[in-house]
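Enquirer: model the structure of this input:
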Amino acid sequence: MLNFIYYPVSFILWCWHWVFGHIFGESSGFAWALSVVFLVFTLRALLFKPFVGQVRSMRKMQEFAPELQKIKKKYANDRQRQAQEMQKLQSEHGVNPLGGCLPMLVQIPVFIGLFHVLRSFKPGWGEVYFFDAAGVKSFVEAKLFGANLSTFITMPERELAQFATDRNAVLLVAIPMMIVASIATHFTARHSVARQTQAAADNPQTAIMNKLTLYIFPLGVLVGGLFFPIAILLYWLSNNAWTLAQQHFVYHRIDREEAQKKEAATQQRQALAPRPGVKPRPGAKPAPGAKSAAGAKPSAGAKPAGGAKPAGKPAAGKDTPPSDEPAANGKPSTEIPGLSPDRSPGKKQGNKRRR
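Expert: Prediction:
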């Protein structure tokens with residue numbers, strides 16, 4: 001049913017066993033153990049690019065997480081509209097939530113395929129997918145510190161006898177691997193949780209998932225180790241070691257890229273900003289020596305256009321206010337239109353008074 005998974009997994013395992021079998025021997029436990037480890041490294045190397053996309057997607061989602069919370073509150077009673085708005089916001093930021101799940105979704109069938117292939121290696125069996133009968137016999141006879149890679153702690157005694165091993169040998173190999181794999185799972189989860197923003201960590205759903213990955217999953221590895229073959233424990237241990245190293249490398253690489261972008265943006269703002277002590281001028285700069293028309297002074301000897309009188313000497317008229325300019329003798333002039341300088345009325349006015 002799942003041969004499309006079993007055959008590729010067994011083929012990669014066969015290739016690495018062919019390599020290490022020429023170094024340590026075909027029935028060597030180290031050759032088979034390294035084959036399992038490098039099977040994991042090969043699959044994880046193929047998933048390296050999707051993992052980088054997953055990290056970038058998580059970073060972007062953390063940036064606009066407050067906007068997602070606003071949409072959830074705004075459309076709390078309309079789930080369909082809420083999903084549409086969230087999908088629209090994610091597409092605007094170029095985020096694909098399913099793309100971030102791809103590495104984990106691919107690892108699940110690989111784990112199932114490897115578990116099935118290794119459980120198929122039993123004494124007396126013939127061909128197992130890409131392995132012929134000689135390859136199966138080589139795996140059955142291979143021992144790692146006295147324990148076969150297909151054995152596990154809770155295996156019945158009669159099956160352990162078929163592999164020519166005892167439970168104490170299995171315990172001595174499996175228990176340390178279980179503990180190390182559980183601790184590696186915890187530290188891998190802690191490294192991921194430490195990258196979360198405070199807003200994301202305060203989300204109740206995220207808090208529950210953090211507790212699961214930090215404590216429940218490592219405990220599951222520790223308990224599951226009682227039923228997992230030693231080869232599966234090798235798979236789990238090498239997978240967590242790869243994940244921890246990959247996270248360290250990718251996170252620091254993305255941090256450097258973001259720091260360079262921020263530094264470039266800061267330098268651009270500084271280049272566009274005015275120099276210290278210089279006030280920015282919103283308008284165009286006037287030409288040197290140029291003066292506005294209102295403040296321009298007429299040149300010496302120039303006559304007003306159109307025979308107009310100078311603006312400084314108003315024409316004498318009926319409505320002209322008294323002049324405050326000093327007279328020729330130094331005294332202020334008190335001349336009022338219609339009156340003679342001695343303040344006496346004219347002849348006509350005087351004649352009228354006499355009558």
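
Enquirer: where do the helices sit along this protein?
Expert: 3-24, 29-46, 48-63, 65-74, 79-92, 97-120, 133-141, 157-162, 167-193, 198-201, 204-211, 217-224, 230-272, 347-354 (DSSP state H).

Enquirer: give me the pLDDT for Phe121.
Expert: We have a pLDDT of 85 for Phe121.

Enquirer: nearest spatial neighbour of it, skipping sequence neighbours?
Expert: In this structure, Phe121 finds its nearest non-sequential neighbour in Phe139, 4.5 Å apart by Cβ to Cβ, 6 or more residues apart in numbering. In short, each C-beta sits where N, CA and C put it, glycine included.

Enquirer: then Arg44?
Expert: With Cβ to Cβ, 6+ apart as the criterion, Arg44 has its nearest non-adjacent residue at 4.8 Å, and that residue is Trp242.

Enquirer: what about that neighbour, distance to Leu43?
Expert: Distance of Trp242 to Leu43, computed by Cβ to Cβ, to the nearest Å: 9 Å.

Enquirer: now do the spatially most central residue of the chain, the pLDDT please.
Expert: For the chain, Arg59 is the residue whose C-alpha lies nearest the centre (Cα atoms, centre = their mean; 2.7 Å). Note for Arg59: predicted pLDDT of 72.

Enquirer: how about Cys15?
Expert: Model confidence at Cys15 (pLDDT) stands at 94.

Enquirer: where's it relative to Glu157, distance?
Expert: Noted for Cys15: a distance of 35 Å to Glu157, by Cβ to Cβ.

Enquirer: give me the more crowded residue out of the two.
Expert: Using other Cβ atoms under 10 Å as the criterion, Cys15 and Glu157 rank with Cys15 on top: 14 against 8.

Enquirer: quickly note the distance from the more buried one to Ala271.
Expert: Per Cβ to Cβ, Cys15 is found 55 Å from Ala271.

Enquirer: could you report the neighbour count for Gln162?
Expert: When counting by other Cβ under 10 Å, one arrives at 16 neighbours for Gln162.

Enquirer: what does the nearest residue to it once chain neighbours are set aside show for phi and psi?
Expert: Excluding the flanking residues, the one nearest Gln162 by Cβ to Cβ, 6+ apart is Pro123, at 4.9 Å. As for Pro123, its main-chain torsions (degrees, to the nearest 10) stand at phi -60, psi 140.

Enquirer: OK, contacts around Pro123?
Expert: Neighbour list for Pro123: Val140, Gln162, Phe163 [criterion: Cβ atoms under 8 Å, 6 or more residues apart in numbering].

Enquirer: ok, of those residues, which one's closest to Gln260?
Expert: Nearest to Gln260 among the contacts of Pro123: Val140, at 54.3 Å, using Cβ to Cβ.

Enquirer: pretty sure that closest one is touching Leu118, no?
Expert: No - distance between Val140 and Leu118: 11.1 Å, which falls outside the contact criterion (Cβ atoms under 8 Å).

Enquirer: common neighbours of the two, please.
Expert: In contact with both Val140 and Leu118: Ser150, using Cβ under 8 Å, 6+ apart.

Enquirer: neighbour-wise, which of the two wins?
Expert: Relative neighbour count places Leu118 above the other of Val140 and Leu118, with 24 against 20, counting by other Cβ under 10 Å.

Enquirer: just give the nearest non-adjacent residue to that one, would you?
Expert: Spatially, and ignoring its direct neighbours in sequence, Leu118 is nearest to Ala231 (4.7 Å; Cβ to Cβ, 6+ apart).

Enquirer: for Tyr7, see how far away the residue nearest to the centre of the chain is.
Expert: According to Cβ to Cβ, Arg59 stands 37 Å off from Tyr7.

Enquirer: ditto for Leu105
Expert: Going from Leu105 to Tyr7 by Cβ to Cβ gives 19 Å.
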